[in-house]
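**Q** Fold the stuff below for me.
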Amino acid sequence: MSDITDRLEEQIAHLTRSVEDLSEVVARQEEEIVTLNRRVHMLMQREGERDASSGGAVVLGNERPPHY
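**A** Below is the predicted model of the structure:
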């Protein structure tokens, strides 16, 4: 009976450690997602401002760029 208890305790310890490791990974990923969301929002704002300042001009594929 003691052998079974020891094995169960080892499994529980292993599972507990795995849960703690995964929890740390999820916490880091959450921080990274928040940072990336902020950056995407900032880039979207910057692109919107650039579109607004350029007058909404669209360069078509068959038009030559202004430097030609």
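**Q** which stretches of the protein form helices?
**A** For the chain, the helices defined by DSSP state H cover 2-53.
**Q** Show me the shaky parts of it.
**A** 56-65, 68 (pLDDT under 70).
**Q** residue nearest the centroid of it?
**A** I33 (3.4 Å; C-alpha atoms, centre = their mean).
**Q** any idea how far that one is from R17?
**A** Separation of I33 from R17 (C-beta to C-beta, to the nearest Å): 25 Å. Using the backbone N, CA and C atoms, a C-beta is placed for each residue, glycine as well.
**Q** Equivalent analysis for Q45, please.
**A** 43 Å.
**Q** With R28 instead?
**A** R28 sits 17 Å away from R17, going by C-beta to C-beta.
**Q** Likewise for D51?
**A** 51 Å.
**Q** List the residues that contact P66.
**A** The contact partners of P66, by C-beta atoms under 8 Å, 6 or more residues apart in numbering, come to none.
**Q** From the rest of the structure, what touches stretch 33-50?
**A** Contacts for stretch 33-50 (C-beta under 8 Å, 6+ apart): none.
**Q** Report the distance from it to the chain centre.
**A** Centre-to-centre, stretch 33-50 and its host chain are 13 Å apart (C-alpha atoms, centre = their mean, to the nearest Å).
**Q** Same question for stretch 48-58.
**A** The answer for stretch 48-58 is 28 Å, by C-alpha atoms, centre = their mean.
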